[in-house]
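*Asks:* just the structure for this:
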Amino acid sequence: MGWSTDPVSTSNTLSNSGEIIEISDAANVVVTSLTYAKVAPWPTGNEGTDGNGKSIEICSPLANPNNGANWKASAADLGFQLNGKQVFGTPGSANSVPECAQEPDFTVEVSSNVFTPKDITIDVGKTVRWVNKGGTHNVNGTLATFPSNPVGFGNGAASSTSWTYDFRFTKVGLYDYQCDPHASLGMKGTVTVRDTAAAVSYPVRTISSLTTTNADGAVDSFNVNCTVKGIVYGVNLRPAGLQFTIIDANNNGIGAYSASENFGYTVKEGDEVEIKGAVAQFNGFAQIALADVKKTSSGNSLVTPKVITSFAEPDESSLVTIKI
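*Replies:* Numbering: from 1, shown residues only. This is a model prediction of the structure:
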């Protein structure tokens with residue numbers, strides 16, 4: 001089912017404490033990479049990892065590999081010991097951990113008495129996930145509190161745990177919601193659900209103009225409709241839909257994502273594509289929530305990788321070579 005990491009540190013194996021892993025294609029182009037760790041939300045030694053015999057396995061090949069919560073300690077006993085530890089893993093076979101939940105279409109962070117972003121516009125049928133990053137909060141969009149909402153939603157009483165809450169919006173309209181303990185402090189938000197049949201304008205923009213962020217790391221152009229062109233890099237990371245990266249001639253990149261539609265396009269590195277959609281952000285990465293994809297040419301040259309010694313915001317989705 002995808003990624004896994006070695007369970008016990010031996011010669012030429014992975015570090016138990018964490019390091020960068022990259023997967024490259026036949027042309028030696030990095031398709032995806034991650035930096036794993038041994039502290040929560042990654043599986044820890046208490047779960048049998050960190051040199052205690054168990055490898056870690058990703059819960060879905062479509063899940064974000066840089067999110068430690070998407071990795072679990074292996075449940076597959078290989079029937080032998082190494083360095084006195086019983087070894088668990090799935091070399092050459094499907095991963096043993098349960099499938100993780102479907103990734104949401106949009107994510108709203110809940111912290112410091114604010115929803116970020118607090119106002120979003122989505123297409124009908126899309127799912128929004130609220131993630132509590134700290135504090136005692138809840139999501140209350142119930143009809144008892146907001147009787148004008150098309151339907152009610154909410155996750156109950158406020159809690160200080162690291163909770164997540166998903167809701168799929170299946171009815172067009174304007175939805176208000178709030179955090180009950182902090183509503184008086186302005187902790188409120190809206191979700192505007194639009195009909196996908198409605199005419200939408202997608203003005204031409206450059207990739208670099210869409211990927212700037214504010215002081216909190218939130219993309220400035222969130223939910224801006226746009227049309228951008230770029231060259232495709234890597235492969236399709238979401239067989240059920242589309243997930244790939246486009247990069248312009250100046251090595252500025254941005255992700256492209258569709259949960260279930262491929263718009264008749266088969267991803268191939270070197271294609272020039274024109275994509276339309278709205279700017280979104282997932283786990284800190286800017287991406288275009290796709291409304292359309294059109295290939296304009298194929299077999300284009302790739303840019304020369306930028307040589308870096310550490311990761312920085314301007315390098316996001318660019319083609320880079322890491323110099324250690």
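*Asks:* helix/strand/coil for the closest residue to residue 301 other than its chain neighbours?
*Replies:* Counting by CB to CB, 6 or more residues apart in numbering, residue 301 lies nearest to residue 270, which is 7.7 Å off, once chain neighbours are set aside. Any C-beta I mention is one placed from the backbone N, CA and C, and that applies to glycine too. The three-state label given to residue 270 by DSSP: H, G, I helix; E, B strand; the rest coil is coil.
*Asks:* now residue 304
*Replies:* Per three-state DSSP, the secondary structure class of residue 304 is coil.
*Asks:* residues contacting it?
*Replies:* Applying CB atoms under 8 Å, 6 or more residues apart in numbering to residue 304 gives the contacts 251, 319.
*Asks:* circling back: looking at it, the residue nearest to residue 301 is touching residue 302, isn't it?
*Replies:* Yes - between residue 270 and residue 302 there is a contact under CB atoms under 8 Å: 6.8 Å.
*Asks:* give the residues shared as contacts by the two.
*Replies:* Common contact partners of residue 270 and residue 302 (CB under 8 Å, 6+ apart): residue 231.
*Asks:* so what's the residue count around residue 118?
*Replies:* Applying other CB atoms under 10 Å, we find 14 other residues in the vicinity of residue 118.
*Asks:* kindly report the same for the one 3 residues further on.
*Replies:* In terms of burial, residue 121 registers 15 neighbours under the definition other CB under 10 Å.
*Asks:* and it, what element?
*Replies:* Secondary structure assignment for residue 121, by DSSP states H and E: strand 119-123.
*Asks:* what sits up against that strand?
*Replies:* Identification of contacts with strand 119-123 by CB under 8 Å, 6+ apart yields 105-106, 108, 128, 169, 189-196, 222-223, 278.
*Asks:* at 10 Å what do you get?
*Replies:* Outside strand 119-123, the residues within contact range by CB atoms under 10 Å, 6 or more residues apart in numbering are 105-108, 126, 128, 169, 172, 174-175, 188-198, 200, 222-223, 225, 278, 280, 289, 291.
*Asks:* where does the protein have its least confident helix or strand?
*Replies:* None of the helices or strands of the chain scores lower by mean pLDDT, DSSP states H and E than strand 30-35, at a mean of 73.
*Asks:* next secondary structure after that one?
*Replies:* strand 56-58.
*Asks:* mind checking pLDDT for the closest residue to residue 247 other than its chain neighbours?
*Replies:* Distances taken as CB to CB, 6+ apart place residue 253 nearest to residue 247, at 4.1 Å, with adjacent residues excluded. Each residue has a pLDDT score; the one for residue 253 is 95.
*Asks:* then the one 4 residues further on?
*Replies:* Per-residue confidence for residue 257 comes out at a pLDDT of 95.
*Asks:* confirm it sits in a strand?
*Replies:* Yes - the assignment for residue 257 (three-state DSSP) places it in a strand.
*Asks:* the contacts of strand 119-123 in strands, which ones?
*Replies:* Counted as lying in strands by DSSP state E, out of the contacts of strand 119-123, are 106-108, 128, 174-175, 188-194, 225, 278, 280, 289, 291.
*Asks:* point out where this structure drops to low pLDDT.
*Replies:* Under the criterion pLDDT under 70, the flagged ranges of the chain are 1-13, 29-31, 62, 101-103, 197-199.
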